[in-house]
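In: Quick one, fold the following:
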Amino acid sequence: MNKIVVTVFLLSIFLYTCTSDHLPNPLDSKLKRVLNGISPSGNYESYILPESDDYEGIPHDPSNPLTKEKVELGKLLFYETGLALAPFYEQSKKTYSCSTCHIPSAGFLPGRVQGIAEGGIGFGENGERRTMSGHYDEKELDVQEVRAASIMNVAFVTNTTWNGQFGGNNVNEGTEDLWGYDPFTEINFRGYYGLESQAIEGFTLHRMLINEEVLDTFGYRPLFDAAFPDFPVEERYSETTGGFAISAYLRSLLANRAPFQRWLKGEETAMNDQQKRGALLFFGKAGCFRCHQGPALNNPDRFYAIGVKDLHQTGESFNPSPQGKRNLGRGGFTRKAEDLYKFKIPQLYNLKETPCYFHGSSKLSLREVLNYFNEAVPENQNVPQEQIAPQFRPLHLTEKEIEDLVVFLGDALYDQDYQRYVPNEVLSGYCFPNNDVASRFDLGCD
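Out: Here you go, the predicted structure:
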């Protein structure tokens, strides 16, 4: 009799253990209810990013329909150091690429406070040791007044750069009278979207070329033929088609394998409980969702001032520009007082490994970012209080809540399989993302 009792007891424990693993987690149902309540469609699935080869579903410029051939060509051109053919000095020829300032392992961002393309040397382990070449004066470097913006999920950005100056569409409709003041924004008159406009203009800005060496010596001509068969031959091999290919590739950079994305698709164990609590804070008490919306958790149509420091105030940037118009945010482009010091709301995926945050690289960790929002005390004395966004106010989060938010932002939004977007090699055979002597040593190319 005792054996029967023991057997029944053990069997009940076994059955409970097996079934308890599949009991519904109340955090899942609560998070779905919250997302359904704030989603414009009323469905939490609206936060799902497209698959990277869903060329119809990925937002794109009608002038540049996405194709596999364009994406593959752009994937090579983006990392091709052999395009760096028009630098100031011979020493920098064929030494940098688009990926120099958008390093995949650093969240497709610079590995230091400021990206250095032409005139930079070295890499380190994650781009952190790149510095100025002795052949260059500081004013000759290809550096920007603000930190480069992330290109992850950039398909969901309509007008690119922190001030949204590129693109003849969306928020730039009605600003045509401004495009001629800056030679870089004249491209907007061609009517392309922001990403295409910036990619095309980037060839001039970063002193890169598509020429016979690129096409025939390196072997890119057949790839241009495959990607742009509808372009007349006399227009097929140019900075325009090169920019179209690069922007097509960039639109495919989607963090659709991050734990939060997998959870949205039905894999409820993809996020742990702490990440789910962080998500509930993000979409609830902390109010992050009011600015960071949609699949990319950004907002392409809104610009806000939160009073963070500018890049030149970090003390670690080259050719600092205290009076630079990029420090004025959207107002530096529109010339409107109400737009001054307001910057684009960035996307939030794959920020775990990036070393710096905000347009001025003023914060060095996600914890510092969240502390800044929690305290809501502007740090840049140049930004008038009346320009500060009304949403920027103390959040009153506890230490535990901040930690949960850090874990959600850092881990649940991190697509660790970013290497799928990086080619094994480029057609020139050169080292990438950089090809200078110091970088080749750091990267193990020699």
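In: can we go C-alpha only for contacts and neighbour counts from here?
Out: Will do.
In: now the nearest residue to Asn163 once chain neighbours are set aside: how far from Glu338?
Out: For Asn163, ignoring the flanking residues on the chain, the nearest one in space by C-alpha to C-alpha, 6 or more residues apart in numbering is Arg330 at 4.2 Å. Going from Arg330 to Glu338 by C-alpha to C-alpha, to the nearest Å gives 9 Å.
In: the more surrounded of the two?
Out: More crowded of Arg330 and Glu338, by other C-alpha atoms under 10 Å: Arg330, with 28 against 12.
In: Low-confidence bits of this protein, can you list those?
Out: The chain contains residues with pLDDT under 70 at 1-22.
In: for it, what spans make up the helices?
Out: Using DSSP state H, the helices of the chain run over 2-20, 26-38, 68-79, 194-205, 212, 221-227, 233-236, 239-251, 259-264, 273-282, 330-334, 366-375, 399-407, 437-443.
In: Burial-wise, tell me which of the ones you listed comes out on top.
Out: Neighbour counts (mean count of other C-alpha atoms under 10 Å) averaged over each of the helices of the chain peak at helix 239-251, with a mean of 25.
In: for this structure, longest strand please?
Out: Counting by DSSP state E, the longest strand found in the chain is strand 299-304.
In: what comes up buried for that strand?
Out: Within strand 299-304, the residues that count as buried by 16 or more other C-alpha atoms under 10 Å are 299-300, 303-304.
In: got CSV for those, with distance to Gly284 too?
Out: Below are those laid out as CSV (distance: C-alpha to C-alpha, whole Å):
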residue, distance to Gly284
Asn299, 18
Pro300, 21
Phe303, 22
Tyr304, 20
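In: tell me how far the longest strand of the chain is from the chain's mean position?
Out: Distance, stretch centre to chain centre, for strand 299-304: 15 Å (C-alpha atoms, centre = their mean, to the nearest Å).
In: quick one: which of the buried residues of strand 299-304 is nearest to Tyr220?
Out: Closest approach between the buried residues of strand 299-304 and Tyr220, by C-alpha to C-alpha: Pro300, at 33.6 Å.
In: Correct me if wrong: the closest one contacts Thr161.
Out: No - in this structure, Pro300 is not within contact of Thr161 by C-alpha atoms under 8 Å, at 10.4 Å.
In: From the centroid of this structure, which residue is nearest?
Out: What sits nearest the mean C-alpha location of the chain, by C-alpha atoms, centre = their mean, is Ser150, with 2.1 Å.
In: Tell me the spacing between it and Thr160.
Out: As judged by C-alpha to C-alpha, Ser150 and Thr160 stand 10 Å apart.
In: With Thr175 instead?
Out: Thr175 is 15 Å from Thr160, by C-alpha to C-alpha.
In: From Pro232, how far off is Asn327?
Out: 41 Å.
In: When those two are compared, which one has more neighbours?
Out: Counted by other C-alpha under 10 Å, Asn327 and Pro232 do not tie: Asn327 has more neighbours, with 26 against 9.
In: Spatially nearest residue to the more buried one (excluding sequence neighbours)?
Out: Asn327's closest residue in space is Asp310 (C-alpha to C-alpha, 6+ apart), at 6.3 Å.
In: Check Pro320 too.
Out: His312 (4.8 Å).
In: Tell me who's in contact with that neighbour.
Out: His312 makes contact with 145, 320-322, 360 under the criterion C-alpha atoms under 8 Å, 6 or more residues apart in numbering.
In: contacting residues for the spatially closest residue to Glu56 that is not a sequence neighbour?
Out: Using C-alpha to C-alpha, 6+ apart and skipping the chain neighbours, the partner closest in space to Glu56 is Leu66 (7.4 Å). Leu66 sits next to 55-56, 60, 248 when contact means C-alpha under 8 Å, 6+ apart.
In: What is the nearest of those to Gln385?
Out: Closest to Gln385 out of those is His60 (37.4 Å), distances taken as C-alpha to C-alpha.
In: shouldn't that closest one be in contact with Leu250?
Out: No - counting by C-alpha under 8 Å, His60 stays clear of Leu250, with 10.4 Å between them.
In: Tell me the residues that contact both of those two, please.
Out: Ala155.
In: before we move on, the earlier item: so which of Thr175 and Thr160 has more stuff around it?
Out: More neighbours surround Thr160 than the other of Thr175 and Thr160, with 22 against 14 (other C-alpha under 10 Å).
In: circling back: check contacts around the residue nearest to the centre of the chain.
Out: When contacts are counted by C-alpha under 8 Å, 6+ apart, Ser150 is found next to 102, 107-109, 346-347.
In: and with 10 Å instead?
Out: Neighbour list for Ser150: 101-104, 106-110, 161, 346-351, 354 [criterion: C-alpha atoms under 10 Å, 6 or more residues apart in numbering].
In: Now do Phe408 against Leu253, distance only.
Out: Between Phe408 and Leu253 the computed distance is 21 Å (C-alpha to C-alpha).
In: neighbour count winner among these two?
Out: The neighbour comparison of Phe408 against Leu253 (other C-alpha under 10 Å) goes to Phe408, with 26 against 20.
In: Run a quick check on the more buried one versus Gln274, I expect a contact.
Out: Yes - proximity of Phe408 to Gln274 meets the contact threshold set by C-alpha atoms under 10 Å, at 7.5 Å.
In: Show me the common contact partners of the two, please.
Out: Residues touching both Phe408 and Gln274 by C-alpha under 10 Å, 6+ apart: Leu280.
In: quick one on the thing from earlier: which one of the buried residues of strand 299-304 is nearest Val214?
Out: For those, the nearest to Val214 is Pro300 (34.6 Å; C-alpha to C-alpha).
In: Can you get me a residue count around the closest residue to the closest one other than its chain neighbours?
Out: What sits nearest to Pro300 in space, not counting adjacent residues and going by C-alpha to C-alpha, 6+ apart, is Val157, at 5.2 Å. By the other C-alpha under 10 Å criterion, the neighbourhood of Val157 contains 25 residues.
In: what's the distance between Val157 and His60?
Out: In this view, Val157 and His60 are 10 Å apart by C-alpha to C-alpha.
In: next one: Asp230
Out: Asp230 is 18 Å from His60, by C-alpha to C-alpha.
In: so what are the domain limits for the protein?
Out: The record assigns the chain these domain ranges, following automatic domain parsing: 26-52+256-412, 68-254+418-443.
In: how long is the longest one end to end?
Out: The one in question is domain 68-254+418-443. Domain 68-254+418-443: ends 29 Å apart by C-alpha to C-alpha.
In: One more: stretch 234-243?
Out: End-to-end distance for stretch 234-243: 16 Å, by C-alpha to C-alpha.
In: Then stretch 228-235?
Out: OK, stretch 228-235 end separation, C-alpha to C-alpha: 10 Å.
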